[in-house]
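# coords below, sequence missing:
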């Protein structure tokens, strides 16, 4: 037998000790409702997709500042071995990171060292119908369990300590085009989970589950059935396959006990003639009672959407001053290119302003409906409209800094030629039904991107960091006055939150589709960035 070298024996022993130390951390973890309500009060933890219920993705950590951010350096890299788009936000609890990846992979990692503790993958059936990437955006956590959706639309609970499956429940039939790619959200002891698949002529919904048993507690359908409120916005039988997916994570106001969730595109995407009407509640934000699933109010950003501008972006809750008046608001940088501010108690429209080029509309009227420009609907020969179908922004998480009253959003300047084509008359649930297609064009706007800082009260752009191409990375802001993001070339960077001056950059070697996340261990602030098939952790020198 070949003898191990002294260095190899030392390495193996060190790895074993690291594993024992990391596993020992897992025994004490039991996340409560109070922990979730406290959000980022304990900065060693990151317990929800956006860090806390507000969706602001703002950390109270102050160790990394504009004065020292230039000293950041990668400390460890975890290699997943899975090549696909990596869009997840890790959950971090007391020194352990739990992160999902593409193709239903998930890992527990020592957040100090990047050493793997356990790995899970749910095997997928053949013939999946997944529109837009074999991705997963993260776990929810409650008690000693982790919860995730799967690409074949299952709701899975894992034992946090080991990654073992506790239960695995079908949310909807994968053959009907349903998938689950978003991170669930635990509210009032219920796990809220949405679905993707609006391109497959199905009817979207949002579910609540009992975390102990997996029992479904309620279901809110985003497309109202005949006789239900909003059903008059549909004609004929198309409502039964009208789309309205719920594939990104919502936000929650515990004082109002309101859950805010974005709803995606109507089906078919580009052929509006086959579905006359506003097509509620697609392209909308819905405010639900999380205890019952009953809708309290809705606001539709894009009535009768014919450009695939899902409203699945993250709703951000804040208290701001608008026109001299203090308001409790919900803000959204919407895929249709406008930055919206609504009253989060009533849904009342307050204001909206474009944050990218928008040829389809220049303004939103006082009634909250867009003032449409003529000649912007898809046609059989094609119509050029801005923004493109991937939107002025998309699933990439924004961030909000209340001290500076700045809303940070990854902005995409793109235009597309939209072609409308009637779908097959016999289209059934589960059929890919787009009603046309769209292709990128270089006029009137050349494709580009930017991280933009908007005044939350007015929508005015305060600064930007421009990219050569439209990017997909999310944003993280911190109380240290530093904002983190990345461009589409794979460059992770830190910038001054007030001025937009770049302070640090690092080429990760792969396109970035995830947002950064930060946490503190043993008095040291870390920032992690998924990229390609890796997770890289950055920190200041010890």
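That came through fine. Just so you know, these numbers come straight off a predicted model, no measurement behind them. Residues are numbered from 1 along each chain as shown.
# quick check: which ranges of this structure have low pLDDT?
Applying pLDDT under 70 to the chain flags the ranges 1-28.
# for the stretch 51-200 of the chain, just list every one of the strands.
58-59, 73-79, 91-93, 96-100, 105-110, 116-121, 140-142, 145-149, 154-159, 165-170, 185-187, 190-194 (DSSP state E, counting those that start in this stretch).
# please list the outside residues in contact with the longest one.
The one in question is strand 73-79. Contacts to strand 73-79, defined as C-beta atoms under 8 Å, 6 or more residues apart in numbering, come from residues 107, 109, 113-114, 116, 506, 526, 533-541. Backbone N, C-alpha and C define where each C-beta goes, glycine included.
# count the residues that sit near the nearest residue to residue 69 once chain neighbours are set aside.
In this structure, residue 69 finds its nearest non-sequential neighbour in residue 503, 3.9 Å apart by C-beta to C-beta, 6 or more residues apart in numbering. Residues lying near residue 503 (other C-beta atoms under 10 Å) number 22.
# for residue 503, pull up the helix or strand it's in.
strand 502-507 (DSSP states H and E).
# and that strand, which strands flank it?
Sheet pairing of strand 502-507 (DSSP bridges) gives strand 491-496 (antiparallel).
# in the strand it pairs with, what's buried?
491-496 (16 or more other C-beta atoms under 10 Å).
# what of stretch 473-485?
Result for stretch 473-485 [16+ other C-beta under 10 Å]: buried residues 473-485.
# which two in these are spaced the farthest apart?
Pairwise distances across these peak at 20.9 Å for 473 and 479 (criterion: C-beta to C-beta).
# list the contacts for the closest residue to residue 180 other than its chain neighbours?
Spatial nearest neighbour of residue 180, excluding adjacent residues (C-beta to C-beta, 6+ apart): residue 149 at 2.6 Å. Contacts for residue 149 (C-beta under 8 Å, 6+ apart) come out as 136, 155-156, 171, 179-182, 184, 193-195.
# hey, what's residue 149 bridged with?
For residue 149, the beta-bridge partners under DSSP bridges are residue 155.
# on that earlier part again, got the strands of the stretch 51-200 of the chain as TSV, with distance to residue 512 columns?
Output for those, formatted as TSV (distance: least, C-beta to C-beta, whole Å):
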stretch	distance to residue 512
strand 58-59	19
strand 73-79	14
strand 91-93	19
strand 96-100	15
strand 105-110	18
strand 116-121	22
strand 140-142	23
strand 145-149	21
strand 154-159	26
strand 165-170	30
strand 185-187	24
strand 190-194	24
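# nearest to residue 265, out of the ones you listed?
strand 190-194 (13.8 Å).
# what's next to the helix or strand just after the closest one, contact-wise?
Once the chain leaves strand 190-194, the next helix or strand it forms, by DSSP H and E, is strand 205-209. Residues outside strand 205-209 that contact it (C-beta under 8 Å, 6+ apart) are 147, 155, 169, 171-172, 190-195, 215-222, 246, 261, 288, 290, 293.
# quick one: buried ones out of the residues you listed?
147, 155, 171-172, 190-195, 217-218, 220-222, 246, 261, 288, 290, 293.
# tell me the secondary structure for the residue nearest to residue 410 when sequence neighbours are not counted?
Counting by C-beta to C-beta, 6+ apart, residue 410 lies nearest to residue 396, which is 4.5 Å off, once chain neighbours are set aside. Under DSSP: H, G, I helix; E, B strand; the rest coil, the three-state class of residue 396 is coil.
# gap between residue 396 and residue 471?
Distance, residue 396 to residue 471, using C-beta to C-beta, to the nearest Å: 8 Å.
# overlap in contacts, these two.
By C-beta under 8 Å, 6+ apart, residue 396 and residue 471 have these common neighbours: residue 410.
# and the strands in the stretch 351-500 of the chain?
Secondary structure of the stretch 351-500 of the chain (DSSP E, counting those that start in this stretch): strands at 361-364, 370-372, 383-385, 399-401, 406-413, 415-420, 436-441, 448-455, 461-467, 476-478, 482-486, 491-496.
# contacts only, for the closest residue to residue 314 other than its chain neighbours.
Distances taken as C-beta to C-beta, 6+ apart place residue 55 nearest to residue 314, at 4.8 Å, with adjacent residues excluded. Going by C-beta under 8 Å, 6+ apart, residue 55 touches 250-251, 260, 314-317.
# fine by me, we can end here.
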